[in-house]
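Whatever this is, show me its structure:
(2 chains)
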Amino acid sequence: MKHARIAWAGAIHDAIESDGQLELRTPAFRGRRLAFHEVVWLPPLAPAHRPRTILALGLNYADHAKELAFKAPEEPLAFLKGEASLTGHRAFTVRPAGVTYMHYECELAVVIGKTARNVKQADAYDFIAGYTVANDYAIRDYLENWYRPNLRVKNRDTCTPIGPWLVDAADVPDPMNLALQTTVNGKLTQSGHTRDMIFDVPFLLAYFSSFMTLQPGDLILTGTPDGVVDCQPGDVIVTEIEGIGALENTIAS
Amino acid sequence: MNPSPPPFLPGGTVYGTLLNFKHELALWAARAAEPPYKAPPQAPVLFIKTANTFSPQGAAVALPTDAPEVEVGASVGLVIGNFESFRPQPSVNGSFSAINNEASFALPRVVGCVLLNDLSVPHESYYRPPVKFKCLDGFLGIGPRCVPLTEVGNVNTLKLEVRINGTLRQTVDFHTLVRDAATLLADVNAFMTLQPGDLLMLGSDCLPDGTRPRVRAGDRIEISAPGFEPLVNTLVGEPA
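Here you go, the predicted structure:
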């Protein structure tokens, strides 16, 4: 099942995908169907009971590491994001005035489903609720070599679109076998495959849970492959993962 | 009888600040010019303490077997309130002192301050984000109270005392911040809007030799400041 969280008619609702429409699950409107364009799409995540942990990976695809002139890391290059950087499907992301290089990053996002501590790789999939698509924008002008990638590059308002759907883990038989792609104004600019991750999803869950307890609703953004390009105001960016969804975003000035 | 309220825990994201004391930044000046840093930091250097690190007042923090010794980063966090302004109006009967009003006006949206014990696995390099050094379960002692800004007064004159097993080990003087509270708040909000419930840590200072107080299983850490109930955490070995 594909789950969405939307704003419509003055309130926030849970919905599921049904025959190319949204079917509302909130009691007052249960079963009512809406077209995708009738709603405001929010990040497809239930509110967390504590501040949400959002882990993200840098250089987790060998080709992207090469593209950025780094050798492949020997352990995950992890950084953290605040929930306030998240925004939904069909949202605007702001390009700051005067910057020269702002690029998208199409990423498979893992949503934790059960409290996870010291998880073994062999059991990792038992702890996953589902998957969604994240676009982890970076503004490279602001890179500094202190706790890099620093938050000014990676934790900006509007700069982490996520969605449109949270797809149940049961409906994704092999998350390590999915094609990813990004288009800018309809032109294909990024093409990759989750099988090319340096550290795969079970490894990452085992790695993080070896020192930190993850809770339901926490996120792991698993990194992006080769093929990032600069994005200008007005550009429409679609980051898409096979079987998970196509996340649309427009750059605003 | 009034039961005491539960210890304060953050409702939002906790952001920490690196190298925000003049002494430590000066010690780093030569290294900062060398690879991999190549230049001193320009924007505030921030990190996140995730929710799994939150330890309320009195909690025992379990140290992992591969980190028998950890560093204490005594700090103060600014607690962010709603977007609307709740600045106290000057009172005709003088219940707010002039300095309290000045403090409130200088730190927009800050509702109070909380003591923090930012524990870290010692790490030499500040090049990569410190997730595996700073985000271990229980590695942020918090509280016990959010003290209203009107009671704190001027945050930039606070002095914290760090005691390990009752012995004074460090005095942290917030008069020596690189970015004072208002400047840090403004420079951070320039690229990410702090949300209601978020905490912004002003940073922790090092000792004269550049290290931070080291603690081990069995140690009791107390962080105190005038006007604040002391924050106490103890360290224990990792449960088998």
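
Low-confidence bits of chain A, can you list those?
Residue ranges of chain A with pLDDT under 70: A:64-72.

Tell me which residues of the helix ranked longest in it come out buried.
Secondary structure of chain A read by DSSP state H shows that its longest helix is helix A:201-209. Neighbour counts over helix A:201-209 (16 or more other CB atoms under 10 Å in any protein chain shown) mark A:201-202, A:204-209 as buried. From N, CA and C alone the C-beta is placed, and that goes for glycine too.

any idea what sits nearest B:Asp205, other than its immediate chain neighbours?
B:Phe21 (4.0 Å; CB to CB, 6 or more residues apart in numbering or on different chains).

I figured that neighbour hits B:Gly203, correct?
Yes. Using CB atoms under 8 Å, B:Phe21 is in contact with B:Gly203, at 5.9 Å.

So for these two, which residues contact both of them?
Taking CB atoms under 8 Å, 6 or more residues apart in numbering or on different chains as the contact rule, B:Phe21 and B:Gly203 both touch B:177-178.

So between those two, which is more surrounded?
B:Gly203 (25 against 21; other CB atoms under 10 Å in any protein chain shown).

need the contact list for the closest residue to that one other than its chain neighbours.
Sequence neighbours aside, B:Asn20 is the residue nearest to B:Gly203 in space, at 3.1 Å (criterion: CB to CB, 6+ apart). Counting by CB under 8 Å, 6+ apart, B:Asn20 makes contact with B:44, B:177-179, B:184, B:202-203.

And those residues, which is closest to chain A?
When those are compared for distance to chain A (CB to the nearest CB), B:Pro44 wins out at 8.1 Å.

List the contacts of that closest one.
Contacts of B:Pro44 by CB under 8 Å, 6+ apart are B:17, B:20, B:179, B:184, B:187-188.

Swap in 6 Å and give it another go.
B:Pro44 makes contacts with B:17, B:184, B:187-188, as judged by CB atoms under 6 Å, 6 or more residues apart in numbering or on different chains.

just curious, which of those residues is nearest to B:Leu194?
Within the contacts of B:Pro44, proximity to B:Leu194 (CB to CB) peaks at B:Val188, which comes in at 6.7 Å.

How about the residues of the stretch 1-150 of chain A by chain B?
Contact residues (CB under 6 Å from any CB of the partner chain) of the stretch 1-150 of chain A with chain B: A:50-51, A:53, A:78-80, A:82, A:84, A:144-147.

Quick check: bridge partners of the closest residue to B:Glu222 other than its chain neighbours?
Using CB to CB, 6+ apart and skipping the chain neighbours, the partner closest in space to B:Glu222 is B:Arg163 (4.4 Å). Listed by DSSP bridges, the beta-bridge partners for B:Arg163 are B:Leu168, B:Glu222.

Now do B:Arg163, the pLDDT please.
Per-residue pLDDT puts B:Arg163 at 98.

Tell me which residues touch the spatially most central residue of chain B, please.
Among the residues of chain B, B:Ser75 comes closest to the average C-alpha position under CA atoms, centre = their mean, at 3.0 Å. The contact partners of B:Ser75, by CB under 6 Å, 6+ apart, come to B:116, B:118, B:201-202, B:204.

ok so, going back, residues near the residue nearest to B:Glu222, how many?
17.

Please report the distance of it from chain A.
Distance of B:Arg163 to chain A, given as CB to the nearest CB, to the nearest Å: 28 Å.

Tell me the strands beside whatever helix or strand A:Leu55 lives in, with direction?
When secondary structure is defined by DSSP states H and E, A:Leu55 falls within strand A:54-58. Paired neighbours of strand A:54-58 in the sheet (DSSP bridges): strand A:77-81 (antiparallel), strand A:219-221 (parallel).

Adding mean neighbour count, write the ones you listed out as TSV.
Shown next, in TSV, are the strands paired with strand A:54-58 (neighbours: other CB atoms under 10 Å in any protein chain shown):
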stretch	mean neighbour count
strand A:77-81	24
strand A:219-221	26
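
Helix, strand, or coil at the most far-flung residue of chain A relative to its centre?
Largest separation from the mean C-alpha position in chain A: A:Ala28, at 30.1 Å (CA atoms, centre = their mean). Three-state call for A:Ala28 (DSSP: H, G, I helix; E, B strand; the rest coil): helix.

can you pull out the strands in the stretch 1-150 of chain A?
Along the stretch 1-150 of chain A, counting by DSSP state E, counting those that start in this stretch, strands occupy A:2-8, A:11-18, A:21-24, A:33-34, A:40-42, A:54-58, A:77-81, A:86-87, A:91-94, A:102-103, A:106-112, A:128-135, A:138-139.

Repeat that for chain B.
With DSSP state E as the criterion, chain B has strands at B:14-18, B:45-49, B:54-56, B:60-63, B:69-80, B:110-120, B:140-142, B:147-148, B:159-164, B:167-173, B:199-201, B:214-216, B:220-225, B:228-237.

Of those strands, which stretch is the most buried?
strand B:140-142 (a mean of 28; mean count of other CB atoms under 10 Å in any protein chain shown).

what's in contact with that strand?
Contacts for strand B:140-142 (CB under 6 Å, 6+ apart): B:49, B:53-55, B:116-117, B:231, B:233.

do stretch A:105-122 as well
Contacts of stretch A:105-122 (CB under 6 Å, 6+ apart): A:127-130, A:132, A:134, A:136, A:166, A:180, A:182, A:190, A:194, A:201-202, A:205-206, A:209, A:213-216, A:218-222, A:224, A:239, A:241.

Please pick the buried ones from those residues.
A:127-130, A:132, A:134, A:136, A:166, A:180, A:182, A:190, A:194, A:201-202, A:205-206, A:209, A:213-216, A:218-222, A:224, A:239, A:241.

For the stretch 51-200 of chain A, which segments count as helices?
A:62-67, A:151-154 (DSSP state H, counting those that start in this stretch).

can you count the residues close to B:Gly227?
When neighbours are counted by other CB under 10 Å, B:Gly227 comes out with 11.

What confidence value was assigned to it?
94.

Can you pull up the most central residue in chain A?
Central residue of chain A (CA atoms, centre = their mean): A:Ala134, at 1.8 Å.

my guess is that one contacts A:Ile162, does it?
Yes. Here A:Ala134 reaches A:Ile162: they are 4.6 Å apart, a contact under CB atoms under 6 Å.

low-scoring pLDDT stretches of chain B, where are they?
B:1-3, B:84-105, B:239-240.

residues from it in reach of chain A?
Close to chain A, as judged by CB under 6 Å from any CB, chain B has residues B:12-13, B:36-38, B:41, B:43, B:45-48, B:50-52, B:126-127, B:129, B:131-132, B:135-137, B:191-193, B:195.

Can you tell me which of those end up in helices?
B:131-132.

Kindly write the ChimeraX command that selects the buried subset of the residues of chain B next to chain A.
To isolate the buried members of those in ChimeraX, using 16+ other CB under 10 Å:
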select /B:12,13,37,41,43,45,46,47,48,50,51,52,126,129,131,132,135,136,137,191,192,193,195
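
count of neighbours near B:Lys22?
B:Lys22, neighbours per other CB under 10 Å, totals 14.

Name the nearest residue to A:Ser191, ignoring sequence neighbours.
Here the residue nearest A:Ser191, using CB to CB, 6+ apart, is A:Gln181, at 4.9 Å.

Near the one you found, how many other residues are there?
19.

Hmm, it is touching A:Val238, no?
No. Using CB under 6 Å, A:Gln181 is not in contact with A:Val238; the gap is 8.4 Å.
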